[in-house]
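[1] the sequence isn't on hand, but the structure is:
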């Protein structure tokens, strides 16, 4: 046996040399100074693609087995597809399948990217797998060389499309599992994107069609090849390349899904050749302007310890000393010279290790926004907060041509027509009546997943974006924003924050009924505040919303969520006060008289209408009233409450006790929210007031006016005033 490469330290089994090894693996198929093979039909390239696929399978299984945990089966059935992309030099690969993580980590190990984490040998990799400060169970963009996170299914295509939009001429493959095909909007989102951006075809879905989901047959497992091709054609794909392992089977396997690793060596090489040639055709097609998909049909678990859904996950009994694991590893074991060839090809592919070459390893250059065109409304004036913000959004879009606004329900419905007037809706049908143009910067698919997905993907990949939504419907898109927010917390580079703005909340949508009254969404934001990089912002008026958007648009590696109304509302703060409230967390907008002090801590804008009425009633009874607008509640936590020191671009600007007490000290504190009360937790945690209570959203109902829906939820001035007087005795 030849000398074992140092990086192989920890590999448990080495195999015999394959037939024709000296003929086809004497030298790496990717030549020195090159970033890809020269010819997909080259027998050496085909042979070494298959070697790479088995090396990936072996590492995936041994690393998972080292912990009796992890997911080897899904990636195993995609190994030839992944290896083909690498050999062709296309290494900006994302996935929607978090369960493929150990395979992606194996790729990053083989191209030396993981050396940036101190992982240099297979032993190192096993020690760090599924451990803190190591290789977490599902993909994270914090791992060197990996472009994006993957956890919830149905998200990966958004990252591929964002990458394609930002980097013309670069291919962004995205592996999609047939289990994930059951998630909403995967093909729908790509279809809408292609309609809006018909010239952006340099993303390449790679469907890993293996017949199984996590614990059962996949819902598309009964489709014929013709039906699957029609399914993709029906979503706008023009070139569908399907490579079916069954067509190369010489081992007599039954059923439509087969394990290519059970074929003869000659048949395995033929299947590898079909995948490599198909992938090469697909890459050229996608880069050449044709919407293309590759479908690789092969049994789940091909080449690991078992097949089908049973291969999906390892359990404590699936350790490296068990016979079925030993047998699986020995079947995939390759000789030391093969490991050396695989490493050489990986290091050269794409121009070098992914940790040095993929697009997300460097920050995109951002066009300076300059000074925002803030317009200061006079105190007491009525103005529409959402419209005031729209002016600034238009400025950002006019300044930065890459900037994209996404909205499912329409900006006009949110009082932000000025965005459409300035930036135009991206639509293939030009129509000035509707502000439509094929080159617009406003992206309007009618589902929130696609809206949130593109906006979040663009932000993660380094570009500015804005997701606008009705608060009620935002829940449909929030999971990918949460995923990206967590990824931004871990990134080793700066990237613009993901910025969202939710309008037409519960209090404005009475006649539409409970379908448009779901502010429970705000509890999600509240919970994420403790993560360290999520900031729900509740501007009080048209001045403070401008300050909030200026603050959000110029931040990095954070999740900024602005919640505001589309109705004309009184202005309570001048611009200086508004900026201070956003930066410090809260500000007094009303204070009166003497007597026992009632403090209202309020998040929101429209909810201030009954609060001010309650203040009048209490003042008439001889009480002193202070109304504090809580604009940025994350700032009001104590530093130890928030994991601020664990995130990229850390921010430890928390309000100190003296300033906090000056705002919130009183005989009684009433925490008031037009949504749920969780966003006011920082105030309730820190207040020294012995007497306190909350007024918050309960549930939706159909009503004729905002006042009626507030009354249904007990949010009336009479209730607030009477409760305060009862508590004060």
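    Nice, thanks for sending it over. What you see is a predicted model; the values in this text were computed from it and never measured. Numbering: from 1, shown residues only.
[2] what's the first-to-last distance across stretch 460-467?
    End-to-end distance for stretch 460-467, by C-alpha to C-alpha, to the nearest Å: 13 Å.
[3] what comes up buried for that stretch?
    460-467 (16 or more other C-beta atoms under 10 Å). In short, each C-beta sits where N, CA and C put it, glycine included.
[4] could you dump the residues you listed to a markdown table with distance to residue 48, pLDDT and secondary structure?
    Shown next, in a markdown table, are the buried residues of stretch 460-467 (distance: C-beta to C-beta, whole Å; pLDDT from 0 to 100; DSSP: H, G, I helix; E, B strand; the rest coil):
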| residue | distance to residue 48 | pLDDT | secondary structure |
| --- | --- | --- | --- |
| 460 | 33 | 97 | helix |
| 461 | 31 | 97 | coil |
| 462 | 34 | 97 | coil |
| 463 | 36 | 98 | coil |
| 464 | 42 | 98 | coil |
| 465 | 40 | 98 | strand |
| 466 | 46 | 98 | strand |
| 467 | 44 | 97 | strand |
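[5] need the max-distance pair from the residues you listed.
    Across the buried residues of stretch 460-467, the longest distance by C-beta to C-beta is 16.6 Å; it joins 462 and 467.
[6] go through this protein and flag its longest helix.
    helix 43-67 (DSSP state H).
[7] where in the stretch 51-200 of the chain is pLDDT low?
    Scanning the stretch 51-200 of the chain for pLDDT under 70 picks out 182-184.
[8] if we use 90, what do you get?
    Confidence mapping of the stretch 51-200 of the chain against pLDDT under 90 gives the ranges 132-133, 137, 139-142, 151-154, 178-186.
[9] the helices in it, which residues?
    Remark: helices assigned in the stretch 51-200 of the chain by DSSP state H, counting those that start in this stretch are 73-76, 79-87, 101-110, 122-128, 156-166, 186-196.
[10] may I see those arranged in JSON lines, with mean neighbour count and distance to residue 29 as well?
    Output for the helices of the stretch 51-200 of the chain, formatted as JSON lines (neighbours: other C-beta atoms under 10 Å; distance: least, C-beta to C-beta, whole Å):
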{"stretch": "helix 73-76", "mean neighbour count": "32", "distance to residue 29": "22"}
{"stretch": "helix 79-87", "mean neighbour count": "30", "distance to residue 29": "7"}
{"stretch": "helix 101-110", "mean neighbour count": "27", "distance to residue 29": "15"}
{"stretch": "helix 122-128", "mean neighbour count": "20", "distance to residue 29": "23"}
{"stretch": "helix 156-166", "mean neighbour count": "28", "distance to residue 29": "26"}
{"stretch": "helix 186-196", "mean neighbour count": "21", "distance to residue 29": "32"}
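[11] and of those helices, who's closest to residue 548?
    helix 156-166 (24.7 Å).
[12] check which helices and strands the closest one sits against.
    strand 94-95, strand 172-177, helix 186-196, strand 203-209, helix 448-460 (3 or more C-beta pairs under 8 Å, 6 or more residues apart in numbering; DSSP states H and E).
[13] 6 Å instead?
    Helix 156-166 is packed against strand 94-95, strand 172-177, strand 203-209, helix 448-460, with contacts defined by 3 or more C-beta pairs under 6 Å, 6 or more residues apart in numbering; DSSP states H and E.
[14] so which strand or helix has residue 242?
    strand 239-244 (DSSP states H and E).
[15] ok, and what's touching that strand?
    Applying C-beta atoms under 6 Å, 6 or more residues apart in numbering, the external contacts of strand 239-244 come out as 225, 229, 232, 274-275, 278, 282, 285, 290, 292-297.
[16] of those residues, closest to residue 101?
    residue 296 (19.0 Å).
[17] which strands border the strand or helix carrying the closest one, and is each parallel or antiparallel?
    Per DSSP H and E: residue 296 is located in strand 292-297. Neighbouring strands of strand 292-297 in its sheet, by DSSP bridges, are strand 203-209 (parallel), strand 239-244 (parallel).
[18] just for the stretch 601-729 of the chain, where's the confidence low?
    Ranges of the stretch 601-729 of the chain meeting pLDDT under 90: 690, 700-701, 703-706, 729.
[19] could you list the buried residues of the helix or strand harbouring residue 662?
    In this assignment (DSSP H and E), residue 662 forms part of helix 657-664. Neighbour-count burial for helix 657-664, counted by 16+ other C-beta under 10 Å, picks out 660, 663-664.
[20] what sits up against that helix?
    586, 599, 628, 686-687.
[21] let's see 7 Å
    586, 588, 599, 601, 628, 636, 683, 686-688 (C-beta atoms under 7 Å, 6 or more residues apart in numbering).
[22] following element in sequence after that helix, please.
    Downstream of helix 657-664 (by DSSP H and E), the next one is strand 668-673.
[23] what comes into contact with the helix or strand immediately after that following strand in the chain?
    Using DSSP H and E, the helix or strand that follows strand 668-673 in sequence is helix 681-686. Here helix 681-686 makes contact (C-beta under 7 Å, 6+ apart) with 526, 601, 630, 633, 636-638, 660, 664, 671, 692.
[24] not including adjacent chain positions, what is the nearest residue to residue 185?
    residue 449 (4.4 Å; C-beta to C-beta, 6 or more residues apart in numbering).
[25] that neighbour: how many residues sit nearby?
    Using other C-beta atoms under 10 Å, residue 449 has 23 neighbouring residues.
[26] still on that earlier bit, chain center to the helix holding residue 662, what's the gap?
    Here the centre of mass of C-alpha atoms in helix 657-664, compared against the chain's by C-alpha atoms, centre = their mean, to the nearest Å, lies 37 Å away.
[27] ok, now stretch 105-117?
    With C-alpha atoms, centre = their mean, you get 23 Å for stretch 105-117.
[28] what residues go with each domain of this structure?
    6-25+38-358, 382-728 (automatic domain parsing).
[29] mind listing what's buried in the helix or strand encompassing residue 609?
    Taking DSSP H and E as the definition, one finds residue 609 inside helix 608-620. Neighbour-count burial for helix 608-620 flags 608-612, 614-615, 617-619 (criterion: 16+ other C-beta under 10 Å).
[30] the stretch 351-500 of the chain: strands as residue ranges?
    Here the stretch 351-500 of the chain has its strands, by DSSP state E, counting those that start in this stretch, at 382-383, 404-407, 425-426, 436-437, 442-443, 465-470, 498-503.
[31] out of the helices and strands packed on helix 156-166, deepest packed?
    Mean neighbour count, computed with mean count of other C-beta atoms under 10 Å, is highest for strand 94-95 among the helices and strands packed on helix 156-166, reaching a mean of 32.
[32] I'd like to know which elements it is packed against.
    Packing partners of strand 94-95 (3 or more C-beta pairs under 7 Å, 6 or more residues apart in numbering; DSSP states H and E): helix 156-166, strand 172-177.
[33] need the nearest residue in space to residue 261, chain neighbours excluded.
    Nearest one to residue 261, counting by C-beta to C-beta, 6+ apart, is residue 303 at 3.8 Å.
[34] pull the contacting residues for that neighbour.
    54, 57, 76, 79, 259, 261, 332.
[35] before we go further, it is sitting in a helix, right?
    No - secondary structure of residue 303, determined by DSSP: H, G, I helix; E, B strand; the rest coil: coil, with no helix assignment.
[36] do you know how far it is from residue 57?
    Here the criterion is C-beta to C-beta, to the nearest Å. By it, residue 303 lies 4 Å from residue 57.
[37] please enumerate the shared neighbours of these two.
    By C-beta under 7 Å, 6+ apart, the residues touching both residue 303 and residue 57 are 76, 79, 332.
[38] quick one: the nearest residue to the first one once chain neighbours are set aside and residue 257, what's the gap?
    For residue 76, ignoring the flanking residues on the chain, the nearest one in space by C-beta to C-beta, 6+ apart is residue 304 at 4.6 Å. Between residue 304 and residue 257 the distance is 15 Å, computed by C-beta to C-beta.
[39] could you do residue 640 as well?
    From residue 640 to residue 257 the distance is 53 Å (C-beta to C-beta).
[40] of the two, who's got more company?
    Legend: neighbour count by other C-beta under 10 Å for residue 640 and residue 257, higher for residue 257 (25 against 9).
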